[in-house]
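1. Generate a structure from the sequence data that follows.
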Amino acid sequence: MRIGELAAAVGVTPRAVRHYHHLGLLPEPERRANGYRDYTLRHMVVLARIRRLTELGLGLAEVRDVLADDAGRELVEVLGELDEDLARQEDEIRERRGRLRVLMEEARAGRLPAEGPVSPELAALFGKFGPAPHSPMAAKDREVFALLETTATPEVRAEMLAGLESMMSAPGAVERAHEAYALLDALADAEPDDPRVAEAARVLADLIPPEMVPQDTGIDLDHSGGDGGTGSFLRAFYADFAPAQAEAIRRTLRILREDRP
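-> Coordinates of the predicted model:
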């Protein structure tokens with residue numbers, strides 16, 4: 001039979017058949033005198049097996065290993081690995097659907113934060129503030145935490161959430177946070193040497209646990225310094241604030257570094 005007939009009989013495309021030839025999965029058949037490939041029942045059997053294996057989720061490299069092992073031991077091993085991978089995907093899908101249900105409920109109730117969706121853990125921490133204050137700095141703070149949660153490694157994300165949990169569990173933390181936001185909002189049009197900068201830094205430093213600030217944080221980074229991914233992030237971070245607000249944050253970080261055990 002010709003390639004189109006073989007492909008139609010097995011339910012694949014002629015292009016797929018040629019690709020399998022190129023990868024060495026399907027042996028090349030003998031050619032007729034007119035140059036056309038002449039496929040046999042054996043090619044159909046192998047092609048059908050390739051289709052079944054790929055439909056199970058095996059990659060073509062894994063299919064090659066299976067076809068190369070006459071005893072079938074490789075197939076058992078590969079299928080076992082595939083089953084474990086599918087089980088992990090099922091767990092991930094269940095977790096994601098659970099998070100989605102929570103977000104849908106929050107959205108229907110009008111409680112979905114503007115920076116959302118965020119994880120249930122971060123949403124719960126945001127909830128400890130009570131109703132979000134009408135503060136540009138508070139909104140920006142939540143956006144930054146949502147960004148960090150999205151981009152951080154699982155280990156860093158866990159440390160960040162633990163640090164926030166510790167911070168918000170301290171007596172009077174919510175009131176101090178609202179005070180800090182108000183002080184920083186008031187610095188939007190101020191100069192970096194404004195006396196209120198020091199006051200805002202002291203309130204922030206009293207709120208944030210020193211261990212939440214990594215030891216290698218580039219505190220004094222400005223637009224002309226720093227390099228690499230961390231330097232780029234810090235430049236963008238400081239540039240997102242007014243000059244006096246950025247100075248208050250720098251002073252806060254210096255205080256926390258000095259207080260770090």
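2. what sits up against the host helix or strand of residue 149?
-> Assigned by DSSP states H and E, residue 149 falls within helix 136-151. Helix 136-151 is touched from outside by 113-116, 118-119, 122, 126, 129, 132, 156-157, 160-161, 164, 178, 180-181, 184-185, 188, 237, 240-241, 245, with contacts defined as C-beta atoms under 8 Å, 6 or more residues apart in numbering. Where C-beta positions appear, they are placed from N, C-alpha and C, glycine not excepted.
3. May I see the buried residues of it?
-> Neighbour counts using 16 or more other C-beta atoms under 10 Å place 137, 138, 139, 140, 141, 142, 145, 146, 149 of helix 136-151 among the buried residues.
4. Longest helix in this structure, please.
-> helix 73-108 (DSSP state H).
5. packing partners for it?
-> helix 60-68, helix 120-127 (3 or more C-beta pairs under 8 Å, 6 or more residues apart in numbering; DSSP states H and E).
6. Report the outermost residue of this protein with respect to its centre.
-> Distance to the chain centre peaks in the chain at residue 33, reaching 57.3 Å (criterion: C-alpha atoms, centre = their mean).
7. Next, give phi and psi for it.
-> phi -60, psi -30 (degrees, to the nearest 10).
8. Tell me how far it lies from residue 143.
-> 72 Å (C-beta to C-beta, to the nearest Å).
9. Got the confidence number for the residue farthest from the centre of the chain?
-> pLDDT, residue 33: 90.
10. Please report how far it lies from residue 203.
-> For residue 33 relative to residue 203 (C-beta to C-beta), the value is 91 Å.
11. I figured residue 177 hits residue 126, correct?
-> No. Here residue 177 does not reach residue 126: they are 11.1 Å apart, not a contact under C-beta atoms under 8 Å.
12. which regions of the stretch 151-261 of the chain sit below the pLDDT cut-off?
-> Along the stretch 151-261 of the chain, segments meeting pLDDT under 70 span 214-232, 259-261.
13. from what I can see residue 163 touches residue 207, true?
-> No. Using C-beta under 8 Å, residue 163 makes no contact with residue 207, being 11.5 Å away.
14. Mind checking which of the two has more residues around it?
-> With neighbours defined as other C-beta atoms under 10 Å, residue 163 and residue 207 compare such that residue 207 has more, 19 against 16.
15. Not counting residues beside it along the chain, what's closest to the more buried one?
-> residue 176 (4.7 Å; C-beta to C-beta, 6 or more residues apart in numbering).
16. then whichever helix or strand the one you found is part of to CSV, C-alphas only?
-> Following DSSP H and E, one finds residue 176 within helix 173-186. Provided in CSV are the C-alpha atoms of helix 173-186 (Å, rounded to 0.1, in the frame of the first residue of the first chain):
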residue,chain,number,x,y,z
ALA,A,173,0.5,45.4,63.5
VAL,A,174,-2.5,46.4,61.5
GLU,A,175,-2.6,49.9,63.1
ARG,A,176,1.1,50.4,62.5
ALA,A,177,0.7,49.3,58.9
HIS,A,178,-2.0,51.8,58.3
GLU,A,179,0.0,54.4,60.0
ALA,A,180,3.0,53.6,57.8
TYR,A,181,0.9,53.8,54.6
ALA,A,182,-0.5,57.2,55.7
LEU,A,183,3.0,58.5,56.3
LEU,A,184,4.4,57.2,53.0
ASP,A,185,1.4,58.6,51.1
ALA,A,186,2.1,62.0,52.7
